[in-house]
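J.: coordinates only, sequence not included:
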Ligand SMILES: CC(C)(COP(=O)([O-])OP(=O)([O-])OC[C@H]1O[C@@H](n2cnc3c(N)ncnc32)[C@H](O)[C@@H]1OP(=O)([O-])[O-])[C@@H](O)C(=O)NCCC(=O)NCCSC(=O)C[C@@](C)(O)CC(=O)[O-]
Ligand SMILES: NC(=O)C1=CN([C@@H]2O[C@H](COP(=O)(O)OP(=O)(O)OC[C@H]3O[C@@H](n4cnc5c(N)ncnc54)[C@H](OP(=O)(O)O)[C@@H]3O)[C@@H](O)[C@H]2O)C=CC1
């Protein structure tokens, strides 16, 4: 906030009073003050008075709202801080991620970082985790109304025949986005067109939505029959909801990580035998999940995904589908083979929250901040590191359950039972 501080204080106080007295709406502070940081302060002070609470901790932040309003947030009043721990070194033998990584994890769950750290140690001592992105495509699926099934079928056929025109329209809105395919689905008279894009280093949800909007406009202008757009997102995408379609066809990155954990490492570091870890996986992750009607056959992918997503500025609501997936184990000559499959990991290294200063530093720790060279390689590198970290966390929790040490660990690390490891 440049300028004389006395006059700024007066202006801010005017807005605070206006908000408290109901003359000024919270979001009008930005326009009136002409500065997003001053507006954030005015809103916070007004709320403190109206609610009778202190918000100085929320107000204490390094964020420059001049940079953020209009991109990442509306009506800001400050920031919350989440502790960041680190797990590593974790050796990853991926196609894009190669080497030993220190993974930033933002969480308030005591024992979680220790858990992933021990898993990382076991994986690294065993030679590392292999990781591969086996499919890469962000989706947006508008729903269209047609009068009936004959028209619905005609509509789908017409879209298929015009795919090059549709691609041209969609790609005209973006430098990096490429339309891979359009997957049609019909229910009664309703048609969904599931647009699949490669989005380079962006997670791609804005990119895919803007491109699909343009394509849908072109389709409706040119289709000779009767069809109407019901919604640009018709839930066959599927964004921020658990869905079988993402498990089967993928969304974002589909990633697999695998490792062979040596028997002596399992016994020494994880304190559990490969056979016991394998038994827990089968009973818990496979049969237990099936008996519960779960759509996701793993122990705690969500723990690792959420912690990395918060640290690196991903869209946290996408933890829902990004943390769905399968853990598979086999005992091989006394060692433990373990793999994790994440069909729908939605991550980026540009765009969204990845540009915020702390999140960007976290990405830099992984050598994956900003656009890759060539574009797309940074986001795939991040996806491989995340999959390998999920593997480490999953391996460790299965071992901790096999050794029956879950409750003890959380008593010690989740309730202040061990202030330091000494
Ligand atoms: C806590 C441990 C790792 C101790 O395990 P330990 O074997 O007693 O640890 P240790 O002291 O022998 O150390 C072994 C290694 O663990 C790591 N380690 C050990 N302690 C720390 C620490 N303080 N900070 C950082 N790293 C730590 C570290 O890598 C260390 O090696 P070193 O670096 O010393 O060579 C173990 O008991 C454990 O993993 N317990 C399980 C905890 C867990 O996995 N919690 C996950 C959350 S569970 C949940 O939220 C979901 C759930 C469970 O509801 C889902 C479901 O239904 O399944
Ligand atoms: N709109 C929606 O329906 C939804 C939006 N979101 C939000 O969308 C945001 C994420 O959208 P997303 O499209 O990823 O991000 P952005 O909207 O921030 O777009 C990414 C931008 O980065 C540019 N860019 C520069 N370098 C690269 C590169 N190497 N690779 C890819 N793009 C590059 C792109 O340009 P260009 O396009 O010209 O290539 C594009 O302008 C998040 O904030 C998320 O919360 C989440 C869910 C739904």
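T.: Yep, it's here. Just so it is clear, the model here is predicted, and its values are computed rather than measured. Numbering: from 1, shown residues only. Ligands and ions are numbered 1, 2, ... in the order given.
J.: Please make it C-alpha for all contacts and neighbour counts, starting now.
T.: Will do.
J.: in the stretch 51-200 of the chain, which spans are strands?
T.: 84-94, 98-106, 129-140, 143-145, 178-187, 190-198 (DSSP state E, counting those that start in this stretch).
J.: count of residues packed around the nearest residue to residue 60 once chain neighbours are set aside?
T.: Residue nearest to residue 60 in three dimensions, not counting chain neighbours: residue 78, with 6.7 Å by CA to CA, 6 or more residues apart in numbering. Per other CA atoms under 10 Å, the neighbour tally for residue 78 reads 22.
J.: Quickly note the distance from residue 78 to residue 336.
T.: 47 Å (CA to CA, to the nearest Å).
J.: do the same with residue 351
T.: For residue 351, the distance to residue 336 - CA to CA - is 39 Å.
J.: ok, now residue 50?
T.: Using CA to CA, residue 50 is found at 59 Å from residue 336.
J.: So if I had to pick from the two, which one is more boxed in?
T.: Applying other CA under 10 Å to residue 50 and residue 336 shows that residue 336 carries more neighbours, namely 24 against 12.
J.: hey, what's the more buried one bridged with?
T.: residue 261, residue 331 (DSSP bridges).
J.: going forward can the numbers begin at 52, since that is how I track them
T.: Yes, from this point I'll number from 52; that puts the last item at residue 387.
J.: show me what contacts it?
T.: Counting by CA atoms under 8 Å, 6 or more residues apart in numbering, residue 387 touches 311-314, 325-326, 329, 380-381.
J.: cool, and residue 369?
T.: Residue 369 neighbours (CA under 8 Å, 6+ apart): 290-292, 397.
J.: got it, and residue 293?
T.: Contacts of residue 293 by CA under 8 Å, 6+ apart are 346, 371-372, 375.
J.: and if you look at residue 266?
T.: Taking CA under 8 Å, 6+ apart, we find residue 266 in contact with 217-218, 220-221.
J.: quick one: is the longest helix seen in the chain near ligand 1?
T.: Ordering each helix of the chain by length in residues (DSSP state H) puts helix 428-453 first. Yes: residues of helix 428-453 contacting ligand 1 under CA under 6 Å from any ligand atom: 447-448, 451.
J.: Check those residues one by one and keep those near ligand 2.
T.: Among those, no residue lies close to ligand 2 (CA under 6 Å from any ligand atom).
J.: now that we have those residues, which one has the most neighbours?
T.: Ranked by neighbour count (other CA under 10 Å), the residues of helix 428-453 next to ligand 1 have residue 447 at the top, with 28 neighbours.
J.: Would you check that that residue makes contact with residue 165?
T.: No: here residue 447 lies out of contact with residue 165, judged by CA atoms under 8 Å, at a distance of 9.5 Å.
J.: if we can go back for a sec, just curious, which of the contacts of residue 387 is nearest to residue 83?
T.: residue 380 (60.2 Å; CA to CA).
J.: quick one, what contacts that closest one?
T.: Shown in contact with residue 380 (CA under 8 Å, 6+ apart): 329, 332, 387-390.
J.: Tell me the one of the contacts of residue 387 nearest residue 199?
T.: Residue 199 has its nearest neighbour among the contacts of residue 387 in residue 380, at 47.8 Å by CA to CA.
J.: Now do the lowest-mean-pLDDT helix or strand in the chain: which elements does it pack against?
T.: When each helix and strand of the chain is scored by mean pLDDT, DSSP states H and E, helix 457-465 comes last, with a mean of 78. Using 3 or more CA pairs under 8 Å, 6 or more residues apart in numbering; DSSP states H and E, no helix or strand is in contact with helix 457-465.
J.: That one and ligand 1, are they touching?
T.: Yes: Helix 457-465 lies within reach of ligand 1 by CA under 6 Å from any ligand atom, at 457, 460.
J.: for ligand 2, what are the nearby residues on this structure?
T.: So the chain meets ligand 2 at 225-228, 250-258, 260, 366, 401-404, 422-423, 426-427 (CA under 6 Å from any ligand atom).
J.: Is residue 68 in a helix, a strand, or coil?
T.: At residue 68, secondary structure determined by DSSP: H, G, I helix; E, B strand; the rest coil is helix.
J.: what sits against it?
T.: residue 97.
J.: and it, how far is that from residue 184?
T.: 54 Å.
J.: on that earlier part again, who are the packing partners of the longest helix of the chain?
T.: Packed next to helix 428-453, using 3+ CA pairs under 8 Å, 6+ apart, are strand 135-145, helix 163-176, strand 180-191, strand 303-312, helix 325-331, helix 352-363, strand 386-396.
J.: Name the strands paired with the third one and say parallel or antiparallel.
T.: I take that to be strand 180-191. Sheet pairing for strand 180-191, assigned by DSSP bridges, gives strand 135-145 (parallel), strand 241-249 (antiparallel), strand 303-312 (antiparallel).
J.: mind listing what's buried in the helix or strand following the last one?
T.: It stands for strand 303-312. As assigned by DSSP states H and E, the chain's next helix or strand after strand 303-312 is helix 314-316. Neighbour counts over helix 314-316 (16 or more other CA atoms under 10 Å) mark 314-316 as buried.
J.: now the residues you listed as TSV including pLDDT?
T.: Listed next are those as TSV, based on pLDDT from 0 to 100:
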residue	pLDDT
314	98
315	98
316	98
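J.: Which member of the residues you listed is positioned nearest ligand 1?
T.: Nearest to ligand 1, judged by CA to the nearest ligand atom, of the buried residues of helix 314-316 is residue 316 at 11.0 Å.
J.: how far away is that closest one from ligand 2?
T.: For residue 316, the distance to ligand 2 equals 39 Å [CA to the nearest ligand atom, to the nearest Å].
J.: In contact with the closest residue to that residue other than its chain neighbours, which residues?
T.: Leaving aside its sequence neighbours, residue 316 sits nearest to residue 173 (CA to CA, 6+ apart; 6.1 Å). Shown in contact with residue 173 (CA under 8 Å, 6+ apart): 312, 316-317, 320-321, 443.
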